[in-house]
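*Asks:* I'll drop the sequence and a predicted model, then ask my questions.
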Amino acid sequence: MTDTTKTSSAAFDGPALVAALYHFVPFPRFREFQKPLQAVCDENGVKGTLLLAHEGINGTIAGPEAGIRTVLAYLRAQPEFTHLVHKESDAAKMPFLRMKVRLKKEIVTMGVETIDPLKVVGTYVEPKDWNALISDPDTIVIDTRNDYETAIGIFKNALDPNTKTFREFPDWVRNNPGLHNKPKLAMYCTGGIRCEKATAFMKENGFDEVYHLKGGILKYLEEVPPEESLWEGACFVFDERVSITHGLKQGDHTLCHACRHPLTPEDRASPQFEEGVSCPHCHDSRTDADRERYRQRQKQIALAKKRGEKHIGG
């Protein structure tokens, strides 16, 4: 089940306040809440994506500070979201093209129907205490994100499952009996939501000491000084900023619009890189016909930019 309501928001282009949020809560009226939430976002120049499901809300939005504050206040005025927590960062310009409020089966898709973070979940660890946990030799550290995210940054000595989607994570766990070799599991993700389900899954599959980073990588990069950090690289984010670093500053990655893989400056210097057409990660897996189609799209993006417009393909 997927339904989407979307419209173009006000012509605000930044600098923008970005708010990442999620909240697990029984939410049987999520369908009825879609249109009112869309309207409040549109009226306040807020863009991004919010997912609604029977289990709660998840998403990232951006816009003028006053608009973001209004939307957050509206959410917290709902009895289900009184205790909603969000994380803030800044963007030099609006990182989203439109506002989408979507209805989903899950607010983060793991595909295991028996998992309920409201019933069982791992132990939260504050960012200031995270280094000590993951430096403990009795701890296995697991990154629950997907391969294109881990490609640009990961915690020191963390295991990378190399999953394409979060749906693959349960099978990765089942196929790695060595995860039982140490008493502690420390798990993390971008903002914390995937770990809600990942740690619940681990607890229900016989792992006792399961921990996860409260607020995710975003909160760690916000609170832990670079000189004390065990984070290596940048953190992928799902908007036009592509990556952020310590202090939640925008990184130097861009996105390949052919394969959606994050690109480093070195990737962009490769002879296999062509803006909007190919990169070292996808060049050999695309046909000449694919690349010609991407070139035509890139021309349209360039023409829209000259007109002062944003092309959806960009």
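*Replies:* The structure has been received and is ready for your questions. Numbering: from 1, shown residues only.
*Asks:* Break down the chain into its helices, ranges please.
*Replies:* 30-43, 65-76, 127-135, 147-150, 169-174, 193-204, 216-223, 265-268, 288-306 (DSSP state H).
*Asks:* separation between residue 111 and residue 193?
*Replies:* Look at residue 111 and residue 193: by Cβ to Cβ, to the nearest Å, they are 15 Å apart. The C-beta positions use only the backbone N, C-alpha and C, and glycine is treated the same way.
*Asks:* next one: residue 74
*Replies:* From residue 74 to residue 193 the distance is 21 Å (Cβ to Cβ).
*Asks:* Looking at the two, which has the bigger crowd around it?
*Replies:* Per other Cβ atoms under 10 Å, whichever of residue 74 and residue 193 has more neighbours is residue 193, with 23 against 16.
*Asks:* so that one sits right up against residue 107, yeah?
*Replies:* Yes. With contact defined as Cβ atoms under 8 Å, residue 193 counts as touching residue 107 (7.2 Å).
*Asks:* what residues are shared contacts of these two?
*Replies:* 22, 58 (Cβ atoms under 8 Å, 6 or more residues apart in numbering).
*Asks:* what about residue 147, how many residues close to it?
*Replies:* Applying other Cβ under 10 Å, I find that residue 147 has 15 neighbouring residues.
*Asks:* Leaving out the residues flanking it, which one is nearest to it?
*Replies:* residue 162 (5.0 Å; Cβ to Cβ, 6 or more residues apart in numbering).
*Asks:* low-confidence ranges in the stretch 101-250 of the chain?
*Replies:* Across the stretch 101-250 of the chain, nothing is flagged by pLDDT under 70.
*Asks:* could you redo the last one with a cut-off of 90?
*Replies:* Scanning the stretch 101-250 of the chain for pLDDT under 90 picks out the ranges 113-114, 240.
*Asks:* what sits against residue 75?
*Replies:* 21, 37, 57, 81, 84.
*Asks:* roughly how far apart are residue 74 and residue 63?
*Replies:* From residue 74 to residue 63 the distance is 13 Å (Cβ to Cβ).
*Asks:* Residue 143 too?
*Replies:* On the measure of Cβ to Cβ, residue 143 and residue 63 end up 30 Å apart.
*Asks:* try residue 244
*Replies:* 18 Å.
*Asks:* More neighbours: those two, which one.
*Replies:* Neighbours were counted for residue 244 and for residue 63 using other Cβ under 10 Å; residue 63 has more, 29 against 26.
*Asks:* Who are the contact partners of that one?
*Replies:* Contacts of residue 63 (Cβ under 8 Å, 6+ apart): 9, 12, 16-17, 44-48, 71, 94.
*Asks:* what's the burial count for the closest residue to it other than its chain neighbours?
*Replies:* Leaving aside its sequence neighbours, residue 63 sits nearest to residue 46 (Cβ to Cβ, 6+ apart; 3.8 Å). Using other Cβ under 10 Å, residue 46 has 27 other residues around it.
*Asks:* Put together TSV for the helices of the chain, with distance to residue 248 on each row.
*Replies:* Shown next, in TSV, are the helices of the chain (distance: least, Cβ to Cβ, whole Å):
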stretch	distance to residue 248
helix 30-43	22
helix 65-76	15
helix 127-135	13
helix 147-150	16
helix 169-174	26
helix 193-204	18
helix 216-223	5
helix 265-268	20
helix 288-306	27
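*Asks:* Determine which of those approaches residue 249 most closely.
*Replies:* With Cβ to Cβ as the criterion, residue 249 lies closest to helix 216-223 of these, at 8.8 Å.
*Asks:* separation between residue 91 and residue 157?
*Replies:* 31 Å.
*Asks:* more neighbours, those two?
*Replies:* It is residue 91, of residue 91 and residue 157, that has more neighbours when counted by other Cβ under 10 Å, with 21 against 12.
*Asks:* just checking, residue 117 touches residue 195?
*Replies:* No. Here residue 117 does not reach residue 195: they are 9.2 Å apart, not a contact under Cβ under 8 Å.
*Asks:* out of those two, which sits in the more crowded spot?
*Replies:* residue 195 (29 against 20).
*Asks:* Now that one: closest residue in space, sequence neighbours ignored.
*Replies:* Using Cβ to Cβ, 6+ apart, the closest residue to residue 195 is residue 212 (3.8 Å).
*Asks:* same thing with residue 209?
*Replies:* Nearest non-adjacent residue to residue 209 (Cβ to Cβ, 6+ apart): residue 184, at 4.5 Å.
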